[in-house]
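Q: coordinates only, sequence not included:
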């Protein structure tokens, strides 16, 4: 078992890589696209704080997802591969989908095939999926107005303003990375903990390292979509959007329900759009994102069912 452990974890590492390549855009994307922070500096900050959040506060979400359907080694691998395939395919067309939806869709697909799906816990998760963008949109409005009033009252020159915004974006981005690690690592680790392959702490460590790999190698495309695709953000708006996202995601991490950082940041951006006027909103891109959100759990569920079916085919020797 020990020698084969890296092989068994490949699906989870693939999933973590997919999450890092996608969700990093929701943390530092607005800061990088507003040119307040260099890409590789953001990669270092995000990786370190994501790992810290996973190790310190990731276990509650792992427990929640572990209760959706019993797992064994085979189904754990299939669940992670199906979710990662879904995320990667939608990443290629640059749509920031929900990792949580893909993971839950794949777990439910496995549960349907094995006849052991536990749907009674699904309602709470779905409600939190809806609560993430709505909550972020509601938080961002008072934040934007309140912090804007304070910011404008400081009477700083252009250099002081630039330094303040840059420092604030780094601090808030690090906090958002911490919240992301605490929340989304469950999407990678839960099935391996449920199957008995890993402890929660070991799964959180491996999950956060694989997320860091995805951040470093494949995150730029979706980042541009989030940062520029819906509404063009200035540095101050980017700061407030990420802060609202971080507060929202951290709240759901504390109550033990993994939610989408994509949902939260887009809710934040839409809240800012509400204040600034929806003329700045790019409706076509928003519709594409909403369609991807709806398709993510369905596609992951179907992938999981197909892979489960294929992996259980047996050759029958002709008589």
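A: That came through, no problem. Everything numeric here is computed off the predicted structure, so don't read it as measured data.
Q: list the buried residues in stretch 127-142.
A: 128, 129, 131, 132, 133, 135, 136, 137, 138, 139, 140, 141 (16 or more other C-beta atoms under 10 Å). (C-beta placed from N, C-alpha, C; glycine too.)
Q: and for stretch 297-310?
A: Using 16+ other C-beta under 10 Å as the test for burial, stretch 297-310 gives 297, 299, 300, 301, 303, 304, 305, 307, 308.
Q: what does stretch 286-296 give?
A: Going by 16+ other C-beta under 10 Å, stretch 286-296 has these buried residues: 286, 288, 289, 292, 293, 295, 296.
Q: before we move on, the earlier item: between the buried residues of stretch 297-310, which is closest to residue 112?
A: Among these, residue 305 lies closest to residue 112 (C-beta to C-beta), at 6.5 Å.
Q: my read is that that closest one contacts residue 111, right?
A: No - counting by C-beta atoms under 8 Å, residue 305 stays clear of residue 111, with 10.0 Å between them.
Q: sorry, back to before: what about the buried residues of stretch 286-296, which are in helices?
A: Among those, the members falling in helices are 286, 288, 289, 292, 293, 295, 296 (criterion: DSSP state H).
Q: may I have the secondary structure class of residue 214?
A: Using DSSP: H, G, I helix; E, B strand; the rest coil, the structure places residue 214 in helix.
Q: which residues touch the nearest residue to it once chain neighbours are set aside?
A: The shortest distance from residue 214 to any non-neighbouring residue, by C-beta to C-beta, 6 or more residues apart in numbering, is to residue 20 (2.4 Å). Neighbour list for residue 20: 50, 210, 211, 212, 213, 214, 215, 216, 218, 219 [criterion: C-beta atoms under 8 Å, 6 or more residues apart in numbering].
Q: tell me the spacing between residue 20 and residue 261.
A: For residue 20, the distance to residue 261 equals 11 Å [C-beta to C-beta, to the nearest Å].
Q: please apply the same query to residue 101.
A: 12 Å.
Q: one more: residue 271?
A: 15 Å.
Q: more neighbours: which of those two?
A: The neighbour count for residue 271 versus residue 261, taken as other C-beta atoms under 10 Å, is higher for residue 261 (32 against 24).
Q: now the buried residues of stretch 297-310 in a markdown table, with pLDDT?
A: Below are the buried residues of stretch 297-310 laid out as a markdown table (pLDDT from 0 to 100):
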| residue | pLDDT |
| --- | --- |
| 297 | 86 |
| 299 | 88 |
| 300 | 89 |
| 301 | 91 |
| 303 | 91 |
| 304 | 91 |
| 305 | 93 |
| 307 | 91 |
| 308 | 91 |
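Q: strands - which of the residues you listed land there?
A: Taking DSSP state E, every one of the buried residues of stretch 297-310 sits outside strands.
Q: among those residues, which ones are in helices?
A: If you go by DSSP H, those have 297, 299, 300, 301, 303, 304, 305, 307, 308 in helices.
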